[in-house]
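> structure of the sequence below:
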Amino acid sequence: MSNASRWWLVSVVLALPAGVHGQAVVGGSLTGIVRDTADAVVPGVEVTLTNDATSVKFTTKTNEVGSYTFSSLAPGRHTLLAKMEGFAPVSVTGIVVTVAQFARADVQMKVGAVSERIEVAATAGVVETERPTLSAVITQTQITQLPFNGRYDLSGLIALGPGVQRGGRFASGGPLTGGLNVVVDGAENLDMQNGGPSAATPTFDSIAEFRFISNTASAEYSHGTAQLIAVTRSGSNTLHGSAFWFNRNREFAAKYVLDPRPKPPFNRNEFGGTLGGKIIKDKLFYFFSSEELSLRQWVTGTFVMGTVAQKQGDFTGLKVVNDPLAGGTPFPGNRIPAQRISPVSQFFMKYMRDPNIAGSGPAGTGVNFIGRNQTSQDSPRYNIRGDYHPTSNDILSGGVKIFNDGPHLYAGGGPELYGNYTQGFVQRQEYGAYTKVFSPRVTNDLREAVTTPYGYHFAYSLSDVVDPGKIFPALDGQCCAELESPDKDSVGRFGGGLPGVNMTGYQNVFTNCAHAKDNRLDINISDNLLYLRGSHQIKIGSHYYRYQGYWGGIYPHGLGIFNFTSRYTGDAFADFLLGNANDSQRGPAYQWGNFNEKRFGTFFQDDWQIRRNLTVNLGVRWDVETPYTEKNNRQDNYIPELNAVVTFSGNDQFPPGVVTRLAQSYPVITSVKA
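Now for the predicted structure:
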């Protein structure tokens, strides 16, 4: 995305811009007009809205056109009372306001004594007629009663939205999130580094409800074409609690048909509970929720391994292997002499398991190994929220969401010895909000959030066992060094593991990433002002977002990748024994960055009720996205017009830490020259 300011202006409805960020008020709004029996508007009517669960009251008066509005309302049932001297009071019960809803409830009053009382039950619910937004609301009842197969993240809930399809980055279980903005309790809940929702999401049972906006959102919303607006539960005057436990285990699982051994261990537990209530009646409330995933699982897989005979160079009974040093003639007896087998290949074969079942091909080749890799995971998640109503004109709320994921052992898809990896992080988001009702015409909503992911560790099972600098001396000093870095999370040499070996038709050898670590600090601040003037409901808002992320470690290409394709002998495993790779590749061993980015935005929204049955929505939004900058100039960009990699290190110098021998093989120029 270019680093430029952008403007959007659409009459009637604002078209949502993609790729920028903002925050929107997550509370619901209720508006309406008070009329008498002659259908004339009645100004000056005192209107009181009471939350049925907390007994918190909000009071306003109708303006000169008989209109009233309440904003920043918690989802739930409310009761509305309209009263004025000379009219009989009217009470409307059962008004259900949902998250991010702009609802309407008109009231009709008749002349009468104050001692009289008219009661109306809003059994049909409140209809949203003020905006043409296409959206759906998922309630807390649906969330708690639907049988989700896994409560690990928001993907299961997002999939409940209309038109949502799984795929993309979260294809293993999550939704396509490239055009989705996630806002929880008024704060953005996105993983800016990797895309998709943040890991610091609320527990399922703590979500009061959420709204999925699929189209025509108003100007207060930003980032992407769809919005997920969620709000967590608050306490009430009555003590409430719940508990749950879900279990799946191997006793009820099918047996893998090719594995003659007993079924592997499998036990998945998801458990947790909630507790909410009051500290001060009608004033101060709390809500606590926790849930944890505990998983013990062995994943069974089948693999094509080199046979014991092949490891010794014996290809008897298999297709002919040719000697590239003898003009491509076959090796005598279809055997590779022991002295021709590369010492490096011999090192790698220590980490290749021997077949443990009869192969599906000739001479024991083909699918000939059944392996099991272990997953051991305990991931607790906590959500704490407090709400304080010191007066009817002040609302304070805040809380913290914590997700602790490890480090844990995971099955990585490969065979035993090198198929497992460890991974873990802690992600935390603290948020707060202050809503102030200055007058029946003016309400302000201020929100902030600080997200701190992760403290991240990622290492494959051989990362601390294998020293690639001992295999390939040229790597020594470029990886596996005694390094001082915020990334370093172990004593001694840093960045071990097996280089990648890919063999066509055989199981590959890999450890992928050896070590990685991320430390971030994201800040969200937004302020929205609602101003009522006649038949206009005007909202003005702005936001500030700062991303700061330090990430780094040693990555797959840093150890080297070797591809064997049968080019030289006619068999990829025979090529591997000789050490004749078809091609190889390697990038810098370490990748570090301390990146910063800032985003600013503001909007203006006017919802103008021209007539009783006609509302016009006018909106304009402006956002600025600053470029990513690396604190120590350790970054570069490829510029197609120049056909060169442009570094930002200053005076004709490569960025710090670059392996010059590698960089000089590319067209590299500094930003000064560019």
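> give the contact list for the nearest residue to Arg77 once chain neighbours are set aside.
Spatial nearest neighbour of Arg77, excluding adjacent residues (C-beta to C-beta, 6 or more residues apart in numbering): Asp52 at 4.4 Å. Where C-beta positions appear, they are placed from N, C-alpha and C, glycine not excepted. Shown in contact with Asp52 (C-beta atoms under 8 Å, 6 or more residues apart in numbering): Gly76, Arg77, His78, Thr79.
> narrow those residues to those that are buried.
Gly76, His78, Thr79 (16 or more other C-beta atoms under 10 Å).
> any idea how far Thr69 is from the second one?
By that I understand His78. Remark: distance between His78 and Thr69 (C-beta to C-beta, to the nearest Å) = 14 Å.
> touching both of these two, which residues are there?
Shared contacts of His78 and Thr69 (C-beta under 8 Å, 6+ apart): Leu30.
> specify the beta-bridge partners of Val646.
Asn637, Ile669 (DSSP bridges).
> check what pLDDT it gets.
What the model reports as pLDDT for Val646 is 82.
> so how many other residues sit close to it?
A count of neighbours around Val646, defined by other C-beta atoms under 10 Å, yields 18.
> could you list every residue that touches it?
Counting by C-beta under 8 Å, 6+ apart, Val646 touches Asp636, Asn637, Tyr638, Ile639, Val668, Ile669, Thr670, Ser671, Ala674.
> mind doing that once more with 6 Å?
Going by C-beta atoms under 6 Å, 6 or more residues apart in numbering, Val646 touches Asn637, Ile639, Ile669, Ser671, Ala674.
> other residues contacting stretch 239-247?
Contacts for stretch 239-247 (C-beta under 6 Å, 6+ apart): Asn269, Glu270, Phe271, Gly273, Thr274, Leu275, Gly276, Gly277.
> please, which helix or strand holds the third one?
Translated: Phe271. Assigned by DSSP states H and E, Phe271 falls within strand 266-280.
> using CSV, write out every CA atom in that strand.
Only the C-alpha atoms of strand 266-280 are listed here, as CSV (Å, rounded to 0.1, in the frame of the first residue of the first chain):
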residue,chain,number,x,y,z
PHE,A,266,-5.2,-39.2,22.6
ASN,A,267,-6.9,-37.1,25.2
ARG,A,268,-8.3,-33.6,24.6
ASN,A,269,-9.9,-31.7,27.5
GLU,A,270,-11.4,-28.2,27.3
PHE,A,271,-12.7,-26.8,30.5
GLY,A,272,-13.4,-23.6,32.3
GLY,A,273,-16.0,-21.4,33.9
THR,A,274,-17.3,-17.9,34.6
LEU,A,275,-18.2,-15.9,37.6
GLY,A,276,-19.9,-12.5,37.6
GLY,A,277,-21.7,-10.3,40.1
LYS,A,278,-21.7,-6.9,41.9
ILE,A,279,-19.2,-5.2,44.2
ILE,A,280,-21.5,-2.2,44.8
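> state the mean pLDDT of that strand.
93.
> is it true that Lys401 touches Asn383?
Yes - using C-beta atoms under 6 Å, Lys401 makes contact with Asn383 at a distance of 5.3 Å.
> mutual contacts of the two, please.
In contact with both Lys401 and Asn383: Pro202, using C-beta under 6 Å, 6+ apart.
> about what we covered before: widest-spaced pair of the contacts of Asp52?
Gly76 and Thr79 (10.9 Å; C-beta to C-beta).
> can you show me the helices along the stretch 301-450 of the chain?
Here the stretch 301-450 of the chain has its helices, by DSSP state H, counting those that start in this stretch, at 308-311, 343-349.
> same check, this time on the stretch 551-674 of the chain
Going by DSSP H, counting those that start in this stretch, the stretch 551-674 of the chain shows helices at 556-559, 572-578, 660-663.
> what sits against Tyr434?
With C-beta under 6 Å, 6+ apart, Tyr434 has these contacts: Leu396, Leu446.
> tell me the mean pLDDT over stretch 432-450?
Rounded mean pLDDT across stretch 432-450 is 89.
> show me what counts as buried in that stretch.
Here stretch 432-450 shows 432-437, 440, 443-445, 447-450 as buried, counting by 16+ other C-beta under 10 Å.
> dump these to a markdown table, plus distance to Tyr410.
A markdown table is the format used below for those (distance: C-beta to C-beta, whole Å):
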| residue | distance to Tyr410 |
| --- | --- |
| Gly432 | 35 |
| Ala433 | 37 |
| Tyr434 | 42 |
| Thr435 | 43 |
| Lys436 | 47 |
| Val437 | 50 |
| Pro440 | 56 |
| Thr443 | 48 |
| Asn444 | 47 |
| Asp445 | 42 |
| Arg447 | 36 |
| Glu448 | 35 |
| Ala449 | 30 |
| Val450 | 29 |
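> what residues are bridge-paired with the nearest residue to Ser234 once chain neighbours are set aside?
Nearest in space to Ser234, with sequence neighbours left out and distances taken as C-beta to C-beta, 6+ apart, is Asp387 at 4.5 Å. Under DSSP bridges, the beta-bridge partners of Asp387 are Phe285, Ser397.
> wait, doesn't Asp387 sit right on Ser397?
Yes - shown here, Asp387 and Ser397 form a contact pair, counting by C-beta under 6 Å, at 4.6 Å.
> one step back: among the buried ones among the contacts of Asp52, name the ones in strands.
Gly76, His78, Thr79 (DSSP state E).
> how near is Ile118 to Gln108?
9 Å.
> ignore what I typed, I meant Phe271.
51 Å.
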